[in-house]
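**Q** Below are the sequence and a predicted model; questions follow.
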Amino acid sequence: MNRRTGSVMKEPQDLTTLIHALNDSNAHARCYATRELGKTGDPQVVTALARMLEDADTCVRVEAVWALAEIGLPALPMLLQALENSDADVRRCAAEALGKLDTDESVPALIQALRDTDRRVRAAAAGALGAIGDPEAVPALIQALEDEYWWTRATAARALGALKARRAVSPLIKALADSVYAVRASAARTLGQLGSSRAVPALIRTLSDTDSDVRESAAHALGELGDPRAIPALIELVVRDENEDVRRAAAGALFAIGQSILAPLAE
């Protein structure tokens, strides 16, 4: 059994049959063979799987990416190469796979992918960089907060939170004014994670956002920050907000702030 994947290794004759099936004229057969070879977790099949990245069928090419990801680190060079594939779907899946592989060796290529011509690839690269957590990616992720695609901006905001990138506080405060609510909500949540009191005034203003998800995120963030300056605005939210989730978040934030105030007194 392959300890990394938990899958049962194929016998040599099975591998030979599957590799031969990669040349089948039927795309479904090639796709199946590609998937099954990935499940083996056997580094010996990397070269055969890499060839499928150039298959005529998109589904086969994408399946090849995930099969290589199943192999793990021995397939890293091929996954990095897949980031430069002519097929945007392959590049996107390669970025996602590299995030799951979680190795710093892929960070430079993923930073480059933040400038990909396809917006889905850029978003996937931002997510992967957040998953890997290498601080080398922080400047590029801050720049990605200005990306034209809202999902890339939102993903970059969350990634900066995962990286605990306190130098991103000012750009994230700016992102609280983004035109898309999901970006504003992600920025608010991340500001709470970063723990900087510089974000408190902007987050208090964000409690008046037109979107309930953004108000809820801002309330959660203020609770994490524990700054008593937020108390009046949070009380107002508890009393007057029309959304139950927002009121609950504001009440939780008030409780958290109360605990942070009382904690030193209990020592």
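**A** Received it, and whenever you're ready, just let me know what you need.
**Q** Run through who's touching stretch 153-162.
**A** 123, 126-127, 129-131, 133, 137-138, 141-142, 144-147, 168, 172, 175, 178, 180, 182-183, 185-187, 189-190, 193-194 (Cβ atoms under 8 Å, 6 or more residues apart in numbering). C-beta here means a position set from N, CA and C on the backbone, and glycine is covered the same way.
**Q** Restricted to buried residues, select those in ChimeraX.
**A** Applying 16 or more other Cβ atoms under 10 Å to the contacts of stretch 153-162, the buried members can be selected in ChimeraX as follows:
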select :123,126,127,129,130,131,137,138,141,142,144,145,147,168,172,175,178,182,183,185,186,187,189,190,193,194
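**Q** Identify the residues contacting residue 169.
**A** 191, 194, 196, 198, 199.
**Q** mind listing the helices in the stretch 1-150 of the chain by residue range?
**A** Along the stretch 1-150 of the chain, the stretches classed as helices by DSSP state H, counting those that start in this stretch are 12-21, 27-40, 46-51, 58-71, 76-82, 88-101, 107-113, 119-132, 138-144, 150-162.
**Q** closest one to residue 229 among those helices?
**A** helix 150-162 (21.8 Å; Cβ to Cβ).
**Q** I'd like the next helix or strand past the closest one.
**A** For helix 150-162, the following helix or strand on the C-terminal side (DSSP states H and E) is helix 169-175.
**Q** Please give the centre-to-centre distance between that following helix and its chain.
**A** 19 Å (Cα atoms, centre = their mean, to the nearest Å).
**Q** next SSE after that helix?
**A** Next along from helix 169-175, by DSSP H and E: helix 181-194.
**Q** Quick check: phi and psi at residue 56.
**A** phi -70, psi -20 (degrees, to the nearest 10).
**Q** Leaving out the residues flanking it, which one is nearest to it?
**A** residue 27 (7.8 Å; Cβ to Cβ, 6 or more residues apart in numbering).
**Q** for the one you found, what are its contacts?
**A** 55, 56, 57, 59, 60.
**Q** Neighbour-wise, give me the winner out of these.
**A** The residue in those with the most neighbours, by other Cβ atoms under 10 Å, is residue 60 (23 neighbours).
**Q** related to what we said a few turns ago, with distance to residue 248 as extra columns, can I get the helices of the stretch 1-150 of the chain in TSV?
**A** Formatted as TSV, the helices of the stretch 1-150 of the chain follow (distance: least, Cβ to Cβ, whole Å):
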stretch	distance to residue 248
helix 12-21	53
helix 27-40	44
helix 46-51	49
helix 58-71	39
helix 76-82	42
helix 88-101	32
helix 107-113	37
helix 119-132	27
helix 138-144	31
helix 150-162	22
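**Q** worst average pLDDT in these?
**A** Lowest mean pLDDT within the helices of the stretch 1-150 of the chain: helix 12-21, a mean of 83.
**Q** How about the secondary structure of the residue lying closest to residue 251 once chain neighbours are set aside?
**A** What sits nearest to residue 251 in space, not counting adjacent residues and going by Cβ to Cβ, 6+ apart, is residue 238, at 5.3 Å. Reduced to three states with DSSP: H, G, I helix; E, B strand; the rest coil, the structure at residue 238 is helix.
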